[in-house]
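# predicted coordinates and the sequence they were generated for:
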Amino acid sequence: MDIQVKVVASTKVGYEAPKEELDRLGGLTAGVCYLPDTTEKLFSEPAEKTERRINLTKNGGHHSPFDHGYITLEFVGIPKIIAMTINNEKMYTTSEKSARYKVMKDVDEQEKELYNKWMEIFKTEIAKKYQATYPNYFTDKKIIKLAQENARYLTSVFTPTTMEYTVSYRQLNILYSLVKKEIERIKTEETSLFYQKYSEGLQNFANALETLPYLDEKLFDRKSRSLSLIDHRTTPIIKQYGDVYQVAYKASFAQLAQAHRHRSLNYRFRFLKDNEFYIPPIIKDNQTLALSWCDDCKKLADTYPQGLLVEVIESGTLENLILKAKERKCSAAQLEIDNQTTATIMEVYENLKKENHPATETLKPYAKKSSRCTFGDYTCTEPCGFKEGITGERLI
């Protein structure tokens with residue numbers, strides 16, 4: 001029998017769906033579970049019958065039908081760390097103003113001064129290292145973008161940004177309830193400057209959601225969940241290698257923000273005991289520049305710059321680790337996440353090999369420094385012509 005398809009709901013740019021419409025969609029789709037006839041008949045049932053099912057479904061805790069309705073929200077002035085927090089929860093799509101592609105302007109004077117200083121240094125160092133050899137790839141425009149990408153490590157993780165965020169009606173309510181729960185937890189358990197700023201950002205986010213017509217206490221979390229970005233455990237992380245893996249490594253806030261956008265792998269972070277900062281490889285071997293970079297990062301320590309290193313806990317399946325390699329092992333990707341993806345795959349591969357695990361051969365084609373275009377099962381549509389980018393030996 002042929003599969004038939006029709007559109008029963010869709011997004012319209014500029015349209016603000018009323019809460020009643022999202023409730024109705026949830027109530028109607030809940031009726032499909034016990035469909036006695038056709039969906040046409042179900043969707044034309046009396047409004048009172050749908051209303052009864054809406055209340056029955058909400059009160060009974062069977063909330064998944066309310067995931068059918070989606071809302072696209074725009075947040076202006078949302079701190080980067082709050083964007084990261086909601087981006088670490090599942091069931092969403094997000095588009096965010098990029099610090100890799102845009103000059104960061106909404107920063108305080110000290111950040112701005114150091115950001116501009118290092119923009120110029122990075123432009124000089126990148127051009128000196130690569131422009132003469134690869135003039136078609138390292139154009140002036142490309143160099144500016146790469147300088148921005150590295151200078152943004154100095155900007156605070158609390159820097160305001162703009163994002164579009166599409167989320168289901170149900171998940172928006174779960175998210176709101178988790179945010180409120182975290183605010184209360186911080187009041188009783190945390191005293192650090194980070195959490196003072198974080199709590200303020202969460203409260204402002206909750207206040208913004210409260211201006212919308214979509215909050216419904218019946219759809220709040222009932223499963224004692226918590227926001228997933230920050231790992232509050234104090235015990236050492238136990239690494240695991242197999243069809244499902246778990247690793248831990250140091251990474252900057254900037255890399256973590258890139259990594260968890262994939263949603264196919266799980267990420268959490270914990271603060272290190274002492275402050276450490278990511279040093280961009282393009283300046284790492286220049287002792288004068290490297291020391292100057294670290295000194296400037298320390299000056300901004302209380303702002304929690306995106307270059308601050310944290311302990312990242314990554315877990316998932318080997319299939320999704322391979323998918324990450326096909327997305328992030330590329331000269332167009334952020335260098336830090338490209339290198340970390342290589343390190344993670346090599347670590348998992350070497351440990352699988354020690355155990356003669358059957359998955360060793362599956363992972364073997366990807367356990368190398370070179371980019372995804374060398375994998376054999378990936379087709380590059382925009383070849384870069386950048387040798388060091390292809391071999392995995394680039395410094396930028």
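Now that the structure is in, tell me what you want to look at.

# pLDDT weak spots in the stretch 251-396 of the chain?
The stretch 251-396 of the chain contains no residues with pLDDT under 70.

# just the strands in it please.
Secondary structure of the stretch 251-396 of the chain (DSSP state E, counting those that start in this stretch): strands at 266-271, 309-317.

# for the first one, buried residues please.
Buried positions in strand 266-271, judged by neighbour count with 16 or more other Cβ atoms under 10 Å: Y267, R268, F269, R270. (Each C-beta comes from the backbone N, C-alpha and C, glycine too.)

# the longest one now?
The neighbour-count check on strand 309-317 (16+ other Cβ under 10 Å) flags L309, V310, E311, V312, I313, E314, S315, G316 as buried.

# circling back to that earlier point, next, format the strands of the stretch 251-396 of the chain as JSON lines and append distance to T234.
What follows is the strands of the stretch 251-396 of the chain, written out as JSON lines (distance: least, Cβ to Cβ, whole Å):
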{"stretch": "strand 266-271", "distance to T234": "9"}
{"stretch": "strand 309-317", "distance to T234": "12"}
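
# same list (the buried residues of strand 309-317) but as TSV, adding distance to E388.
Below are these laid out as TSV (distance: Cβ to Cβ, whole Å):
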residue	distance to E388
L309	25
V310	28
E311	29
V312	26
I313	31
E314	26
S315	31
G316	29
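
# ok, back up a step: closest to Q240 out of the strands of the stretch 251-396 of the chain?
For Q240, the closest of the strands of the stretch 251-396 of the chain is strand 309-317, at 7.7 Å, according to Cβ to Cβ.

# how far is that closest one from where the chain is centred?
12 Å (Cα atoms, centre = their mean, to the nearest Å).

# give the pairing partners of that strand; include direction for each.
In the sheet, strand 309-317 lines up against strand 244-252 (antiparallel), strand 266-271 (antiparallel) (DSSP bridges).

# select, out of the ones you listed, the one closest to R24.
Proximity to R24 (Cβ to Cβ) singles out strand 266-271 among the strands paired with strand 309-317, at 34.1 Å.

# what does the closest one contact?
88, 194, 228-231, 233, 251, 256, 259-260, 310-316 (Cβ atoms under 8 Å, 6 or more residues apart in numbering).

# once you drop chain neighbours, what's closest to the most centrally placed residue in the chain?
Central residue check for the chain by Cα atoms, centre = their mean: the C-alpha nearest the mean position is that of R261, 3.0 Å away. The shortest distance from R261 to any non-neighbouring residue, by Cβ to Cβ, 6 or more residues apart in numbering, is to N87 (6.2 Å).

# how about the contacts made by the one you found?
If you count contacts by Cβ under 8 Å, 6+ apart, N87 has them with T94, E96, A257, H260, R261.

# mind checking which of the residues you listed are buried?
For the contacts of N87, a burial check counting by 16+ other Cβ under 10 Å picks out T94, E96, A257, H260.

# switch those over to TSV; also include distance to R152.
As requested, the buried ones among the contacts of N87 are exported to TSV (distance: Cβ to Cβ, whole Å):
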residue	distance to R152
T94	18
E96	13
A257	10
H260	17
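
# if we can go back for a sec, how close does the residue nearest to the centre of the chain sit to L227?
Computed as Cβ to Cβ, to the nearest Å, the R261 to L227 distance reads 17 Å.

# show the pLDDT at K97.
On pLDDT, K97 comes in at 66.

# the one 3 residues further on now?
The per-residue pLDDT reported for R100 equals 56.
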